[in-house]
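K.L.:
sequence plus predicted model, see below.
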Amino acid sequence: MNCNSFRTYVFSLVIMLGDSTVASYGIVVNDFEFAASGGSVANVAGTLDAGYSTAREASFVPQLQACGTFGHCTGTWIGNDGNSSYFLTAAHCFQSSNTENAITATFTDYAGNVVASGSGTFHVPPERINRPPGLGGASTDIGIVELPGTTTILRPDGKPIFQPMIYDGNEEFGKEVTLSGYGSWGIGSQGSNGGLMPSSGPRRAAVTNVIDRLFESDHGIGYTFDAPGTGNATSREGGIASGDSGSAWWQEHAGAWSIIATTNGGSGTGYGGRGGGARVSQWLDWVETVFPEALLFSEQLTGVDGDVNQDGFLNQLDINDLVAGWNSDTTSMSISNATQHGDLNLDGTTSLEDVFLLHEALTAGGSRISVGELLAAVQIPEPSTLVCLVTGLLMLTVRSNRDLLSSYIGK
């Protein structure tokens, strides 16, 4: 996926939230990034498109393609089950007097396509209805929208995106987090301004921050919007502002991206402002009760190149599994399941390019198996022209495939 593809599909956004508010939120960038991207802090409105160009493009990275909007709130597609689609959001985004509530909703994906719509069910945990001691508005602000039909969100190359992972570990604190949404824009020294609008496209953007606190019995999670060069400020430091309630917070752990929180609210949209949300890892039992097919972080890939069967080793068993999965259609599978069917480059099918990737990995590991032997294993004819083609492609195709793979698992 190249930069031109990114810019073709790029949109924009803004966020800021707190521990117990129920307003919607968006994304505010720091002054340095705004200026470095071509904006002027002295003329934010007049240079808005340039100043937000980095944040808009950042919202298009693969893991954020599952993020979309319900119109008044942001949501994230987390998978399909039977004839229903499921979307993670904030509990306050829809009326919820019970744990299951009848709603009508429409979900629009990152590219502006309506991918789910109709009468469905809005699920919230029992603790949202009757809050026990120690929990509050932020820590219980998590909900799941269930809509009829299976959702297919397409990448720019026309392939379906992969089901995102939900973090089920306990190492969020002190680590960088990615925030994104569709709300108000602004810069850190001035705060958000609901009147700032891009010249075209919706307000969709992404920034980073660092998790610096857990609260409400460790079910709430938050950050502080630090000015550049202070505190825990990241190079792309930003915060949440009005317009993006329900958006997912993302972290990279062991080379894989997963969802760690849902946006609740915040106090202040400029430097020093604090954002908070519901810590998803504390709600996993409830999530799996509503949506048993949720993909957890613990189901991630091993990180071993060519490890088709995901046992952490590279050997004959990987060849056997690639052969067994030959020509599989993996477009509706999770990343882990697709890999175990031999689709090493995650392009939606197990094909010749996956043979090349496996051969490269085996060779790097000391194996002397030839490309021809691998081709024979999957019963592909081996004319001399094909062997020559394979030799040439190992320096071209394999590199591009590895780039595609790394874009999805964060290597």
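P.N.:
Arrived safely.
K.L.:
lowest-pLDDT helix or strand in the chain?
P.N.:
None of the helices or strands of the chain scores lower by mean pLDDT, DSSP states H and E than helix 3-9, at a mean of 35.
K.L.:
next structured bit after that helix?
P.N.:
Using DSSP states H and E, the next helix or strand after helix 3-9 towards the C-terminus is strand 25-29.
K.L.:
list the contacts of D31.
P.N.:
41, 187-189, 227-228 (C-beta atoms under 8 Å, 6 or more residues apart in numbering). The way it works is simple: take the backbone N, C-alpha and C, and place the C-beta from them, glycine included.
K.L.:
ok, those vs W286, which is closest?
P.N.:
G188 (35.3 Å; C-beta to C-beta).
K.L.:
so the closest one sits right up against G268, yeah?
P.N.:
No: the pair G188 and G268 fails to qualify as a contact (C-beta atoms under 8 Å) at a distance of 10.3 Å.
K.L.:
more neighbours: those two, which one.
P.N.:
Ranked by neighbour count (other C-beta atoms under 10 Å), G188 and G268 place G188 first, with 27 against 19.
K.L.:
give the contact list for that one.
P.N.:
Here G188 is in contact with 28-31, 225, 227, 237-239, 270-271 (C-beta under 8 Å, 6+ apart).
K.L.:
hmm, try it at 10 Å
P.N.:
Contact analysis of G188 by C-beta atoms under 10 Å, 6 or more residues apart in numbering lists 28-34, 41, 225-228, 233, 237-239, 269-273.
K.L.:
okay, which residue is most central for this protein?
P.N.:
Closest residue to the average C-alpha location of the chain: Q63 at 2.9 Å, with C-alpha atoms, centre = their mean.
K.L.:
before we move on, back to that, show me the contacts of G188 that map onto helices.
P.N.:
Among the contacts of G188, the members found in helices (DSSP state H) are 31-34.
K.L.:
now do the strands in the stretch 1-150 of the chain.
P.N.:
Ranges of strands in the stretch 1-150 of the chain, per DSSP state E, counting those that start in this stretch, are 25-29, 67-69, 74-81, 84-89, 100-108, 114-123, 143-148.
K.L.:
which residues are in contact with both of G188 and G268?
P.N.:
Counting by C-beta under 10 Å, 6+ apart, the residues touching both G188 and G268 are 28, 225, 239.
K.L.:
pLDDT below threshold where in this structure?
P.N.:
Flagging of the chain using pLDDT under 70 yields the residue ranges 1-25, 243, 380-411.
K.L.:
domain parsing for it?
P.N.:
1-298, 316-409 (automatic domain parsing).
K.L.:
format the ones you listed as TSV; extra columns: distance to G306.
P.N.:
As requested, these are arranged in TSV below (distance: least, C-beta to C-beta, whole Å):
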stretch	distance to G306
domain 1-298	15
domain 316-409	3
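K.L.:
if we can go back for a sec, just name the closest of the shared contacts of G188 and G268 to L296, please.
P.N.:
Nearest member of the shared contacts of G188 and G268 to L296, counting by C-beta to C-beta, is G239, at 28.2 Å.
K.L.:
for the closest one, give its distance to S59.
P.N.:
15 Å (C-beta to C-beta, to the nearest Å).
K.L.:
those helices in the protein, which residues are they?
P.N.:
Going by DSSP H, the chain shows helices at 3-9, 31-36, 48-51, 53-58, 126-129, 284-290, 316-324, 335-340, 352-364, 371-377, 384-393, 397-409.
K.L.:
please state the offset of the fourth one from the chain centre?
P.N.:
The chain centroid and the centroid of helix 53-58 are separated by 15 Å, computed with C-alpha atoms, centre = their mean, to the nearest Å.
K.L.:
what helices or strands is that helix leaning on?
P.N.:
helix 3-9, strand 25-29, helix 31-36, strand 176-181, strand 205-215 (3 or more C-beta pairs under 10 Å, 6 or more residues apart in numbering; DSSP states H and E).
K.L.:
most packed of these?
P.N.:
Greatest average neighbour count among the helices and strands packed on helix 53-58 goes to strand 25-29 (a mean of 34), per mean count of other C-beta atoms under 10 Å.
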